[in-house]
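# One predicted model, sequence on top.
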Amino acid sequence: PHGRALTDSRYMGWDDIQMRTLEAPGAYNVVIEGRRYATGVASYGFVVQKVADQTFPLEIGVSQGTAPLWITGPTGGPAMQFDGLRHVEVPHHADIDLTGSATIEMWLRVDNYAAEWTQVLHKGDAGTNNRTYSLWVNSAGYVHLSTNDGNVQGIVTPVGSISRGQWYHVAATLDRTAGEMKLYLNGELAGSGALRTTPAISRAQSLLIGTPRETWGAAALQGAIADLRLWNTVRTLDEIRGNRTAVLAGNEAGLRLYLKVNEGAGTLVRDTTAGAHDGTARNPFAGVPGVVMGAIDSVGQVDRYTFTLTEAKRLYFDALANVALLWTLSDAGGTLVSNRGFRSSDSADFGSNPILDLAAGAYTLTIDGAGDLMGGYAFRLIDVANAQTIVLGTAVAGQLNPASETDLYRFNAQAGDRIFFDRPTLTGG
């Protein structure tokens, strides 16, 4: 508004412009300028996004943020948000083991890509390509439908056909009579290909929504889903177009699973068909005592947790989630820990003393993402004074569940005592 430049000139291909705090109300100008020697046509895209930070009180040892996340869906009601940690699981049943012709429909929003491939929906086992049916999104902005009858088959929508932060109605049809498969976006044909007429493989594993089962490195969904429908029939284009915003009764011919995903609370995701194949919203840390869960939902967002110690304490930061986010701890005197990565905070990934030796006072723990990084996170602040007491010479058996958590033990000893740590067993992890 005052005619001053808030940022320096920079090449759009290099980096984003990190968060700025605006000092005055008014109109701000963004200038996109081609270099003097550029020829032809240059395409570009950008988003100027308002950043809303969040602040939460934190109580050491008390869990928070473990419930499912809900946002406003494409038709105004609730929709389930997926942050890369949480997912929905529907138990296996013959009704959803769609080895013949089928149609998959849902409203889908992708907010971020944590890897090249993101799993949206998967029915199959953990073997690569062992898919009765599956839906994926690629970081280049397209949807992939995949199935396997002994050999994998798939089709995709065009590159750039979906954009981050936007809702799309996605429909996929598998016609094993006519021998074709199709993908639709918002009621328009967006991809098609041949499909063998032999049945898809059948697997007894559950249906996973929002998280991968295959172990080759696909990411869990960061986005949202609403109104998921599975049919054992091939829906026509007119049926897809005419019903994508309609609320179904649940007794329509061929409808085998209907998750409205609009409960808005709780972990039950109800199936309104006669089969009642209800899903469960899960996260891997729900049963961990004292876990704190949250999500960086938008680029530049910062989450802050405030807590007060009435006496000096030694705390341990237990990074539960394998995420590329950063944390900072500060008090009235300044920064105590600065931008330490979740992936380098504990276990063998942190090569120094991980104990936080804190005096009485007020503290702020900040969770941030470098650059465009977004997604869910989970951590604990463990009071070392609550470590389990063990007796020297007594065998100890324990279990890390989940395997990323930390268990603390303590023992009493005298100066001059010599000790040896003997590890007789270790499995998993």
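Cool, got the structure.

# Going by C-alpha atoms from here, please, whenever you check contacts or count neighbours.
Noted.

# Low-confidence regions, the stretch 1-150 of the chain specifically.
12-19, 49-52 (pLDDT under 70).

# show me where it has strands.
Along the stretch 1-150 of the chain, the segments classed as strands by DSSP state E, counting those that start in this stretch run 54-57, 69-72, 78-83, 87-90, 102-112, 117-124, 131-138, 142-148.

# count of neighbours near residue 204?
13 (other C-alpha atoms under 10 Å).

# give the contact list for it.
Residues near residue 204 by C-alpha atoms under 8 Å, 6 or more residues apart in numbering: 92, 93, 124, 125.

# Report the spatially closest residue to the third one, excluding sequence-adjacent ones.
When you say that, I think you mean residue 124. Spatial nearest neighbour of residue 124, excluding adjacent residues (C-alpha to C-alpha, 6 or more residues apart in numbering): residue 131 at 4.4 Å.

# Cross-check the contact I'm expecting between that neighbour and residue 145.
No - taking C-alpha atoms under 8 Å as the definition, residue 131 is not a contact partner of residue 145, at 10.3 Å.

# List phi and psi for residue 349.
phi -80, psi -10 (degrees, to the nearest 10).

# Tell me which of the strands of the stretch 1-150 of the chain sits nearest to residue 186.
strand 102-112 (9.1 Å; C-alpha to C-alpha).

# I'd like the distance from that closest one to the chain centre, please.
How far strand 102-112 lies from its chain's middle: 15 Å, per C-alpha atoms, centre = their mean, to the nearest Å.

# Show me what that strand is packed up against.
strand 167-175, strand 222-231 (3 or more C-alpha pairs under 8 Å, 6 or more residues apart in numbering; DSSP states H and E).

# a markdown table for the strands of the stretch 1-150 of the chain, including mean neighbour count and distance to residue 326?
Supplementary listing: those in a markdown table, determined by neighbours: other C-alpha atoms under 10 Å; distance: least, C-alpha to C-alpha, whole Å:
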| stretch | mean neighbour count | distance to residue 326 |
| --- | --- | --- |
| strand 54-57 | 12 | 15 |
| strand 69-72 | 18 | 22 |
| strand 78-83 | 25 | 16 |
| strand 87-90 | 22 | 23 |
| strand 102-112 | 23 | 17 |
| strand 117-124 | 25 | 22 |
| strand 131-138 | 24 | 25 |
| strand 142-148 | 23 | 29 |
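
# Format the ones you listed as CSV; extra columns: distance to residue 308.
Below are these laid out as CSV (distance: least, C-alpha to C-alpha, whole Å):
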stretch, distance to residue 308
strand 54-57, 9
strand 69-72, 27
strand 78-83, 28
strand 87-90, 33
strand 102-112, 34
strand 117-124, 39
strand 131-138, 43
strand 142-148, 47
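
# Quick one: closest of those to residue 380.
Once the strands of the stretch 1-150 of the chain are compared by C-alpha to C-alpha, strand 54-57 is nearest, at 13.8 Å.

# Parallel or antiparallel, which strands does that closest one pair with?
Note on strand 54-57: by DSSP bridges, its sheet partners are strand 302-309 (parallel).

# among the contacts of residue 204, who's most crowded?
In terms of neighbours by other C-alpha under 10 Å, the contacts of residue 204 top out with residue 124 at 26 neighbours.

# which residues touch it?
Residue 124 makes contact with 130, 131, 132, 133, 202, 203, 204, 205, 206, 207 under the criterion C-alpha under 8 Å, 6+ apart.

# Tell me how far it lies from residue 148.
Using C-alpha to C-alpha, to the nearest Å, residue 124 is found at 9 Å from residue 148.

# hey, what's in contact with both of those two?
Contacts common to residue 124 and residue 148, judged by C-alpha under 8 Å, 6+ apart, are 130, 131, 132, 133.

# Roughly how far does the closest residue to the last one other than its chain neighbours sit from residue 134?
The shortest distance from residue 133 to any residue other than its chain neighbours is 4.6 Å, reached at residue 147 (C-alpha to C-alpha, 6+ apart). Taking C-alpha to C-alpha as the measure, residue 147 and residue 134 are separated by 6 Å.

# With residue 98 instead?
Residue 98 is 11 Å from residue 134, by C-alpha to C-alpha.

# try residue 421
Counting by C-alpha to C-alpha, the gap from residue 421 to residue 134 is 47 Å.

# same thing with residue 185?
For residue 185 relative to residue 134 (C-alpha to C-alpha), the value is 16 Å.

# Neighbours of the residue nearest to residue 251 when sequence neighbours are not counted, how many?
Leaving aside its sequence neighbours, residue 251 sits nearest to residue 273 (C-alpha to C-alpha, 6+ apart; 5.9 Å). Residue 273 has 18 neighbouring residues, counting by other C-alpha under 10 Å.

# ok now do residue 273, which residues does it touch?
Here residue 273 is in contact with 250, 251, 255, 256, 257, 258 (C-alpha under 8 Å, 6+ apart).

# Tabulate those residues in TSV, adding columns for neighbour count, pLDDT and distance to residue 83.
Output for those, formatted as TSV (neighbours: other C-alpha atoms under 10 Å; pLDDT from 0 to 100; distance: C-alpha to C-alpha, whole Å):
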residue	neighbour count	pLDDT	distance to residue 83
250	19	96	28
251	13	97	32
255	22	98	28
256	26	98	27
257	25	98	24
258	27	98	22
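
# For residue 329, which of the strands of the stretch 1-150 of the chain is the nearest?
With C-alpha to C-alpha, the closest approach to residue 329 among the strands of the stretch 1-150 of the chain belongs to strand 54-57: 13.9 Å.

# Please state the offset of the closest one from the chain centre?
On the basis of C-alpha atoms, centre = their mean, strand 54-57 sits 21 Å off its chain's mean C-alpha point.

# could you pull out the helices for this protein?
237-243 (DSSP state H).

# Closest to the centroid, which residue in it?
The structure's the chain has its C-alpha centroid closest to residue 84; by C-alpha atoms, centre = their mean the separation is 1.2 Å.

# That one against residue 212, yeah?
No - at 10.2 Å, residue 84 and residue 212 do not qualify as touching, with contact defined as C-alpha under 8 Å.

# Quick check: neighbours shared by those two?
What both residue 84 and residue 212 touch, as defined by C-alpha under 8 Å, 6+ apart, is the set 219, 220.

# so what's the residue nearest to residue 133 up against?
Residue 147 makes contact with 129, 130, 131, 132, 133, 134, 153, 154, 200 under the criterion C-alpha under 8 Å, 6+ apart.

# how about a cut-off of 10 Å?
By C-alpha atoms under 10 Å, 6 or more residues apart in numbering, residue 147 lies in contact with 99, 122-124, 129-135, 153-155, 174, 181, 195, 199-201.
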